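A.B. asks: A structural model of the following input is requested.
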Amino acid sequence: MGLFSFLRGQFIEVIEWIEDTDSIVYRFPVYDNAIKMGAQLTVREGQAAIFVNEGQIADVFGPGKYELSTHNMPLLTALKSWKYAFNSPFKADVYFVNTTNITDQKWGTTNPVMMRDKEFGVVRVRGFGNYSFKVKEPAVFMREIFGSHEDFNPGQIAGFFKTMIVSGVSDLLAESGIPVIDLATHYDELSSQAGAKLQPNFAAVGLSLTGFVIENISLPEEVEKMIDRRSSMNIAGNLDQYMKYQTAESIREAASNPGGGLAGAGAGLGAGMAMGQMINQMMSGAGQQPPAAEPAAAGGNPKPNPPQGGAASEPEGGTEPCGGCGHSLKATDKFCPECGTPRPERRFCPECGSAAVPGAKFCSSCGTKL
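C.D. replies: All right, here's what the predicted structure looks like:
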């Protein structure tokens, strides 16, 4: 303790805090913690001053200029029971508290939050955003949080706030019942509800939550891929059966696999053609099963569909070309009357019942392998 410090401590103090840091709390340095009678206290807007005497909060001052005396410090006077008109110096600590908004504080989920979705079942989501707060009750904030620290900044309570916020937001998401696909359209509503839900927790430590924002709630990569696939189906057309889309995808993947030699190339070409036909039918509404029977032209019995592997039915027009010379064959011809070539036996698709083109490996109507 130097002589200069001792002499300086004998002057009347001017107690003030010019904020040049990001601290929320600042303890004013007073020589030997002895504050003189008549000391000048200046509290600026956005500040509060707390007088602590022997571990007890004596007074809290708002913005303004004060001369410390028994008139404006009745609580401290009652605590000490001064008998000498407050002329002697008294021991006290002076804490300044920043009461302005502390903004741009970040929060985020360290681990995924489990929630149940009606469409996707149990999914894991992550969220992040920012919040702002300010000190509303300086005395409560001192008792509950910063105690006797010389200074205190937001980073020292960020972990406490983060745990409290993540817990509240997780509970809110579970109670909201909003589908995960629609969460992005409810950020404003969820932010307001989360702020109201968390406000009592902040008030319990002398703070006020002045702003809360949910910037993003992200989904797992698997769920995002599923959403992308469903979106591609909707863009492609009215594919109301997801299994058909999956079948087409499987055919595409099989056709893209490299095959050995000419056989592999032929199989890939056939699969690619079948895939194109199948997707074309699904988009145009084709590929449906044919009717069970067609009415007869002149009141006769209905004409049944040809059985699988049965005799060939005549194509439209009643004739078909000979495979040898191209001569038109009648329904009763078993051999070509021009060249004698046997008439080939007709095949039918086991899936849709359509007549198959002679020599074809896939059905030209639905793409089923023959």
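
A.B. asks: What is the neighbour count of the spatially closest residue to residue 212 that is not a sequence neighbour?
C.D. replies: Counting by Cβ to Cβ, 6 or more residues apart in numbering, residue 195 is the residue found nearest to residue 212 once chain neighbours are left out, at 3.9 Å. For the C-beta atoms, the positions are set from N, CA and C on the backbone; glycine is no exception. Summarising burial for residue 195: neighbours were counted as other Cβ atoms under 10 Å, giving 18.

A.B. asks: Grab the CA positions of the helix or strand where residue 195 lies and hand them over as PDB.
C.D. replies: When secondary structure is defined by DSSP states H and E, residue 195 falls within helix 187-203. What follows is helix 187-203 as a C-alpha-only set of coordinates in PDB (Å, rounded to 0.1, in the frame of the first residue of the first chain):
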ATOM      1  CA  TYR A 187     -40.500 -20.100 -37.500                       C
ATOM      2  CA  ASP A 188     -42.100 -16.800 -36.500                       C
ATOM      3  CA  GLU A 189     -44.900 -18.500 -34.500                       C
ATOM      4  CA  LEU A 190     -42.500 -21.000 -32.900                       C
ATOM      5  CA  SER A 191     -40.100 -18.200 -32.000                       C
ATOM      6  CA  SER A 192     -42.900 -16.200 -30.200                       C
ATOM      7  CA  GLN A 193     -44.100 -19.300 -28.400                       C
ATOM      8  CA  ALA A 194     -40.600 -20.200 -27.300                       C
ATOM      9  CA  GLY A 195     -39.900 -16.700 -26.000                       C
ATOM     10  CA  ALA A 196     -43.100 -16.800 -23.900                       C
ATOM     11  CA  LYS A 197     -42.300 -20.300 -22.700                       C
ATOM     12  CA  LEU A 198     -38.700 -19.300 -21.600                       C
ATOM     13  CA  GLN A 199     -39.600 -15.900 -20.100                       C
ATOM     14  CA  PRO A 200     -40.300 -17.200 -16.500                       C
ATOM     15  CA  ASN A 201     -36.900 -19.000 -16.500                       C
ATOM     16  CA  PHE A 202     -35.100 -15.700 -17.200                       C
ATOM     17  CA  ALA A 203     -37.200 -13.800 -14.700                       C
END
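
A.B. asks: hmm, back to that, return the per-residue confidence for the residue nearest to residue 212.
C.D. replies: The predicted local distance difference test score for residue 195 is 94.

A.B. asks: Next, work out how far apart it and residue 188 are.
C.D. replies: Taking Cβ to Cβ, to the nearest Å as the criterion, residue 195 is separated from residue 188 by 11 Å.

A.B. asks: Quick check: phi and psi on residue 248?
C.D. replies: Here the main-chain torsion angles of residue 248 (degrees, to the nearest 10) amount to phi -60, psi -40.

A.B. asks: any idea how far it lies from residue 145?
C.D. replies: When Cβ to Cβ is applied, the distance between residue 248 and residue 145 equals 62 Å.

A.B. asks: ok, now residue 177?
C.D. replies: Counting by Cβ to Cβ, the gap from residue 177 to residue 145 is 35 Å.

A.B. asks: sorry, back to before: which secondary structure elements does the helix or strand following the helix holding residue 195 contact?
C.D. replies: Where DSSP H and E defines the elements, the next helix or strand beyond helix 187-203 is strand 207-218. Contact analysis of strand 207-218 by 3 or more Cβ pairs under 8 Å, 6 or more residues apart in numbering; DSSP states H and E lists strand 121-135, helix 158-176, helix 187-203 as its packing neighbours.

A.B. asks: The same query, at a cut-off of 6 Å, please.
C.D. replies: Counting contacts by 3 or more Cβ pairs under 6 Å, 6 or more residues apart in numbering; DSSP states H and E, strand 207-218 packs against strand 121-135, helix 187-203.

A.B. asks: Report the inter-axis angle for that strand versus helix 158-176.
C.D. replies: Relative orientation of strand 207-218 and helix 158-176, computed by axes from the mean of the first three to the mean of the last three Cα atoms, to 10 degrees: 60 degrees.

A.B. asks: Mind listing what's buried along strand 207-218?
C.D. replies: Under the neighbour-count criterion of 16 or more other Cβ atoms under 10 Å, strand 207-218 has 207, 209-210, 212-214, 217-218 buried.

A.B. asks: Next: stretch 99-117.
C.D. replies: For stretch 99-117, using 16+ other Cβ under 10 Å, the buried residues are 99, 102, 105, 107, 109, 113, 115, 117.

A.B. asks: Residue 52 contacts residue 97, correct?
C.D. replies: No. Counting by Cβ atoms under 6 Å, residue 52 stays clear of residue 97, with 11.9 Å between them.

A.B. asks: Which one's more surrounded, the two?
C.D. replies: Shown here are residue 52 and residue 97; by other Cβ under 10 Å, residue 97 has more neighbours (25 against 20).

A.B. asks: quick revisit: what does the helix holding residue 195 contact?
C.D. replies: When contacts are taken as Cβ atoms under 6 Å, 6 or more residues apart in numbering, the neighbours of helix 187-203 outside the stretch itself are 164, 168-169, 172, 209, 212-214.

A.B. asks: quick revisit: worst average pLDDT in the helices and strands packed on strand 207-218?
C.D. replies: Per-segment mean pLDDT for the helices and strands packed on strand 207-218 reaches its minimum on strand 121-135, at a mean of 90.

A.B. asks: Can you list the helices and strands that that strand packs against?
C.D. replies: Strand 121-135 makes packing contacts with strand 102-108, strand 113-117, strand 207-218 when contacts are defined by 3+ Cβ pairs under 6 Å, 6+ apart.

A.B. asks: List the neighbouring strands of it plus their orientation.
C.D. replies: In the sheet, strand 121-135 lines up against strand 102-108 (antiparallel), strand 113-117 (antiparallel), strand 207-218 (antiparallel) (DSSP bridges).
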